[in-house]
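Novice: Sequence and predicted model, in that order:
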Amino acid sequence: SGSKSARCLSRAFAAVRSPARRCDRRLGRRNSSTAADVSMPTPPNAPPQTNPATKQKLPAFDYTALVASVCEINQIAVPTKVETAVQADAYTLVLGLRGLDGKTAVHVSWHPDAARVALGSPPPRVHKTENLSFGEQTNAVLRDLILTEASVPTAWERVAVFSFAERPGADPKYKLRVETQGRNSNAILTQCGAAADRGDRFNNAGDKIVACAYQVGDKQTSVRPLSPGFAYSPPPQAPGAVPTGCDVDEFRLLVTNAAATAGAKKHRKKSNDKEEKEPETENNPNPPVANGIVRAFRGVSPALARSLLDDARIAASIGIDDLDENAWQLIHDEFARWSKQTQAMVDAICKANESDSMDPSNASKQELGCILKHARWHTKEGQLMPHQRSGETRCDGNTISLADAAASSAAASQNGLVDEYAFARQMPLPPVGVVFASVYGEASDVDVFRREKDRLAQGTKTALKKTKQKTTAFEAQIADAADFEKTKIKADEIMAYLHAYEAGSASMTVYDFETGEPREIEIDPLIGPNQTAEKLYKKARKRKRTAAAVEPLLESARSELRYLEQVEFTLAELDGTNSDDVLALEEISLELVDAKLMKPAGKGAAAAIREETRVQKGGKKGKGKGAVTQQKNKNNKKRVAREAAMSNVRKYVAPSGKEVLVGRNSQGNEAISLQLGQDQDVWFHVRGAPGAHVILRQQPGELAAAGDVQFAANLAAYHSKLKTGGKVDVSFTSPKFVRKPTGARLGMVTMDKEQVMTGRPDDTQ
């Protein structure tokens, strides 16, 4: 049953893992520390990628990108039938659609740093038990309905609306409203024409909310609750002027005034005790013009403002006072071209929605297909530019054509869970969908990794707490039982001085056998000294038996404690910067389930838990309904292939060129200590703390060089819980002196002929 505990994790990761990463893993490559920062836009010849460890934000999916994406969805996916709705992770909903020309899929994300809506790869194949709540509700409501309209209802606002009806041309029954507004992003499913049955004190004029990706109750807001049963109301309108229709003088005035306002920023600082200090005002005498453009107009993102300045051949950081008349004119020309083209895209969407979507010769659909022919991708800013640069017919500098950007990003947009046959039946992905699938496609990877790591860390922490309590209880029992000899001597003294007992007395005087000193012993007057002594003899015998029985239990609990501390350390080391960390996390999940320290999760978990409960009650294993046997898992070829591909060992090169192997998790540690290590190798482990097992590979008859030994010891210190110490004691010996005790957990070993040296984790590069 253990293999099923990590299937949800593996499917979620595979759904966002690109083929390039899978290929790299098969070839045994490792991500280098100099890999490109995938949160930022990349050069045209390298598709954007994502590094889970990075803290920088992804390019914003702004109003321009939203309108361009809705254009593509309207052209390709209207009308199509909803086949499925899948939510494989916490922030992404995928609508699987089927049309006359094949299948396609709309990806909707409300991720705070990667909110978007765009066409993408087919929905991931997940079991119904793995489909998250919003996906389940959306699938139940929209399945078999027709996507009849895709629109941007409010000009210059990042809100897209998708209408679903029983057939093309019919009135919509439900609408999916996607708000791509940074940390306030959301996806709301509403029922058209239905009256709200909650929130009498709010505006009830809108459609009734059926489901929300992120719910906001009436106790959390006094303006706009977003929860099932309430009436939907659009988000508050963004400040700023409408970008269209202003001449250069008006443009200059609005930008100058807005930049002056943006130049005075209030910073609220907090002390360590979280008491707020007075706001401090910082005035910028020459504020950047880019800030002014963003604040002056609606629908303008910081990346777009900088891209417009770049198109005008003006530095993005230039201040208001540094611009002359000619510079203002150049900026206004680029701004006007952008706003005109963006408004043309919105008008084309409206025109397509008013036309007959079933007409093969629909001119509005053809217009949508041509509306982005001059679109460009700004590689430095990660910004979609829908218009052609003034006075130029080709892309240069920091921009490439959208088609070229899509071609370089196509491989990264595919879904590893979908087979080639499913892709063969899929409509070709348009440029906007391909580019944004590549830019944002792995953002959910980080969240899946973090959530699964947190789940395993919490399970390990709980098991650690219970094991510590068990260890303390056993130690207390042994400490209490350790004085059984004193109890027996006390009974002997009572029996030796029975003649001194006075009937009915609650105590008697006895004399210590060794010192001869007199002392009083309590006697139960109701049963007398004989019975009191007998009770003490029984108590002494019981304590002696307890000590003998509890000692192996205490040793087992201590071994379990060391094992869990090792797992806790291994989890802390996984940060997602390496693609193998995902596989290591799966291994840990399987390991904890096999060790019965956590319950299975994902598909088949319920059946596995029922089977385990039935066996514990006395049933025969593998005979009950829904039985999940270990033998079946062992014979599962897919599991064998997956386990064979998992990398549980890190590889380093010592100064002399010899190989150093470092365990990544418990399986890797056990493999290093009991399988990979040869008699001539040198085995290392930090002394007295959890850490990785390390071996320095040697040829038979060779002596390890001092530099290589120190290098391996430093690695053992670095990959341990004591990595923050400047100097760490490291044990080393030959692998032939390392053995696994009978019944020990995975990766737990003991060693003989230990030698100790100093490891310096800070010297590890």
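Specialist: Okay, I see it. Numbering: from 1, shown residues only.
Novice: And the strands in the stretch 501-650 of the chain?
Specialist: When assigned using DSSP state E, counting those that start in this stretch, the strands of the stretch 501-650 of the chain occupy the ranges 507-511, 518-522, 649-653.
Novice: same thing with the stretch 101-250 of the chain?
Specialist: Assigned by DSSP E, counting those that start in this stretch, the stretch 101-250 of the chain shows strands spanning 102-109, 116-120, 146-151, 159-165, 174-179, 186-191, 208-212.
Novice: Including mean neighbour count, distance to Asp752 and mean pLDDT, could these go into TSV?
Specialist: C-beta here means a position set from N, CA and C on the backbone, and glycine is covered the same way. Formatted as TSV, the strands of the stretch 101-250 of the chain follow (neighbours: other Cβ atoms under 10 Å; distance: least, Cβ to Cβ, whole Å; pLDDT from 0 to 100):
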stretch	mean neighbour count	distance to Asp752	mean pLDDT
strand 102-109	24	56	92
strand 116-120	27	57	91
strand 146-151	23	70	94
strand 159-165	22	68	96
strand 174-179	23	64	96
strand 186-191	23	61	94
strand 208-212	22	62	93
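Novice: and the residue lying farthest from the centre of the chain, helix, strand or coil?
Specialist: Here the chain has its C-alpha centre computed as a mean, and the residue farthest from that point, by Cα atoms, centre = their mean, is His499 with 77.8 Å. His499 carries the three-state label helix when classified by DSSP: H, G, I helix; E, B strand; the rest coil.
Novice: circling back: which among the strands of the stretch 101-250 of the chain is found nearest to Asn398?
Specialist: Nearest to Asn398, of all these, is strand 116-120, at 21.9 Å by Cβ to Cβ.
Novice: Now do the closest one: distance to the chain's middle.
Specialist: How far strand 116-120 lies from its chain's middle: 20 Å, per Cα atoms, centre = their mean, to the nearest Å.
Novice: do stretch 68-77 as well
Specialist: Here stretch 68-77 is found 30 Å from its chain centre; the criterion is Cα atoms, centre = their mean.
Novice: Next, count neighbours for Cys192.
Specialist: Neighbouring residues of Cys192 were enumerated by other Cβ atoms under 10 Å; the total is 14.
Novice: Report the contact partners of it.
Specialist: If you count contacts by Cβ atoms under 8 Å, 6 or more residues apart in numbering, Cys192 has them with Ser163, Asp171, Pro172, Lys173, Tyr174, Lys175, Asp207.
Novice: per-residue confidence averaged over stretch 121-135?
Specialist: Summarised as a single mean, pLDDT over stretch 121-135 is 81.
Novice: Offset the numbering so it begins at 37, please.
Specialist: Will do, 37 is the new start, and the previous item becomes stretch 157-171.
Novice: hmm, back to that, want to throw the strands of the stretch 537-686 of the chain into TSV with mean pLDDT, mean neighbour count and distance to Asn293?
Specialist: Compiled in TSV, these are given as follows (pLDDT from 0 to 100; neighbours: other Cβ atoms under 10 Å; distance: least, Cβ to Cβ, whole Å):
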stretch	mean pLDDT	mean neighbour count	distance to Asn293
strand 543-547	87	16	97
strand 554-558	86	12	93
strand 685-689	85	16	57
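Novice: Relative to Phe472, which of those strands is closest?
Specialist: Using Cβ to Cβ as the measure, strand 685-689 is the one of these that comes nearest Phe472, at 34.1 Å.
Novice: Give me the distance between Leu265 and Arg179.
Specialist: Small correction: residue 265 is Gly, not Leu. Gly265 is 22 Å from Arg179, where distance means Cβ to Cβ, to the nearest Å.
Novice: Where in the protein is the helix or strand with the lowest mean pLDDT?
Specialist: Counting by mean pLDDT, DSSP states H and E, the weakest-scoring helix or strand in the chain turns out to be helix 55-62, with a mean of 33.
Novice: Rebuild the strands of the stretch 537-686 of the chain as TSV, extending it with distance to Ala351.
Specialist: Formatted as TSV, the strands of the stretch 537-686 of the chain follow (distance: least, Cβ to Cβ, whole Å):
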stretch	distance to Ala351
strand 543-547	97
strand 554-558	93
strand 685-689	44
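Novice: Which one, of those, ends up nearest to Leu344?
Specialist: If you check each of these against Leu344 by Cβ to Cβ, strand 685-689 wins as the nearest, at 46.3 Å.
Novice: Name the residues of the helix or strand following that closest one that are buried.
Specialist: Where DSSP states H and E defines the elements, the next helix or strand beyond strand 685-689 is strand 695-699. Using 16 or more other Cβ atoms under 10 Å as the test for burial, strand 695-699 gives Val696, Leu697, Val698, Gly699.
Novice: Run a quick check on Pro466 versus Val106, I expect a contact.
Specialist: No. Counting by Cβ atoms under 8 Å, Pro466 stays clear of Val106, with 11.8 Å between them.
Novice: Specify the local secondary structure of Ala740.
Specialist: If you use three-state DSSP, then Ala740 falls in the coil class.
Novice: Neighbours of it, how many?
Specialist: Residue neighbour count, defined by other Cβ under 10 Å, stands at 19 for Ala740.
Novice: quick one, what contacts it?
Specialist: By Cβ under 8 Å, 6+ apart, the neighbours of Ala740 are Val718, Leu732, Gln734.
Novice: so what's Ile329 up against?
Specialist: When contacts are counted by Cβ under 8 Å, 6+ apart, Ile329 touches Val291, Ala294, Val336, Ala341, Leu344, Ile367, Phe371.
Novice: Now do the fourth one against His414, distance only.
Specialist: Taking Cβ to Cβ as the measure, Ala341 falls 11 Å from His414.
Novice: Equivalent analysis for the last one, please.
Specialist: As judged by Cβ to Cβ, Phe371 and His414 stand 15 Å apart.
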